[in-house]
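# Please work out how this folds:
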Amino acid sequence: MKRILILTAAGVMLSNPTELRAQSSTIDQDIERIDLNLLDLQFDFTQLDPAFIEEAPQRWKLTVGAPIAFNSNVANAETGALSDFHSAPSLALSYTRPMGGGVALEISALSTLDAYFDETAADQSSLGSSAKISLGDATKGWAPYASYSFTSLYSDQFGDHKVSTHSFTGGFGRTVGLAVGTKLSVDANVTRREASLATVEQWRFTASTTLSQQIDATSSFQVQAQAFWAGFTGGASDGRDDEQIILVGAYSRALVPDLVNLTIAAKFQRNWSNVAGKSYSVFDVGPRLNFVSKF
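The predicted structure follows:
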């Protein structure tokens, strides 16, 4: 960790402030695009079954995602937005272990690519891992949780390393049944993000609500609204404040139960910032095939 910080400091000394602001701004946009791409992973139909955690004392899950989507603003630009189709395949491995009393531990590893058809300068990739401990059953009351995640971001297909981030999150959630097959989930959390590049470090407060409707034995529909405030704390970004909303609608259908499912998701992202040029809107829509293996 010290070695990374020393190299970053050396980079600051050798670069002029304008170049640093441009570099950190681009990297922050790249991180936001990864977060948006991964949102529809949570709408995997196999995760809607409440018996998933209860079926066995432990569970491994391997998911290969193959999406193609249209993005209305590839570079998260305030003006002059460029649109393009892109493919964002992902490979995720997770392990869940219930510990009794509503306590559960989940660890995961994730690899992603993001390749654009025409705007290839926006291509990127990432490696990540996370660990989360849940301290209660959200279907029976407010359940607190804590998590840590690591992400390493690269240009192109695992080309030059751009930044590594460490995110520490604490929050709580609640899920209530509204009717047969219908449930409402709410979540609130705070995240501290440290990074090898100080200008993307931030505090983030997030609140979200998700309405899920199980249509039949193999399909479901979900709508999610998410809002957050982010306060940047490092380098040239110190003092920058962003507010953002994300709206997601997703239809999921199990094509082969517990093996292949299809998700069609539409995502809208709107960001407001006190920094000129950093307010933007993005619309991203397309299908995703998930190949799932649980063992």
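# and Thr199, how many residues sit next to it?
Neighbourhood size, Thr199 [other Cβ atoms under 10 Å]: 24. Bear in mind the C-beta positions are built from the backbone N, C-alpha and C, glycine included.
# I should have written Ala254 there, sorry.
20.
# any idea how far it is from Arg59?
The gap separating Ala254 from Arg59 is 17 Å, by Cβ to Cβ, to the nearest Å.
# got the residue ranges for the strands in the stretch 51-200 of the chain?
Taking DSSP state E, counting those that start in this stretch, the strands of the stretch 51-200 of the chain run over residues 59-71, 84-87, 90-100, 103-116, 124-135, 143-155, 161-179, 182-195.
# could you redo these as JSON lines and give each row mean pLDDT and mean neighbour count?
Converted to JSON lines, those look like this (pLDDT from 0 to 100; neighbours: other Cβ atoms under 10 Å):
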{"stretch": "strand 59-71", "mean pLDDT": "93", "mean neighbour count": "18"}
{"stretch": "strand 84-87", "mean pLDDT": "96", "mean neighbour count": "17"}
{"stretch": "strand 90-100", "mean pLDDT": "91", "mean neighbour count": "16"}
{"stretch": "strand 103-116", "mean pLDDT": "93", "mean neighbour count": "18"}
{"stretch": "strand 124-135", "mean pLDDT": "94", "mean neighbour count": "18"}
{"stretch": "strand 143-155", "mean pLDDT": "94", "mean neighbour count": "18"}
{"stretch": "strand 161-179", "mean pLDDT": "94", "mean neighbour count": "16"}
{"stretch": "strand 182-195", "mean pLDDT": "95", "mean neighbour count": "17"}
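# what's around the nearest residue to Val200 once chain neighbours are set aside, how many residues?
Excluding the flanking residues, the one nearest Val200 by Cβ to Cβ, 6 or more residues apart in numbering is Asp28, at 5.0 Å. Asp28 has 23 neighbours, counted by other Cβ under 10 Å.
# what's the answer for Asp156, then?
If you count neighbours by other Cβ under 10 Å, Asp156 ends up with 15.
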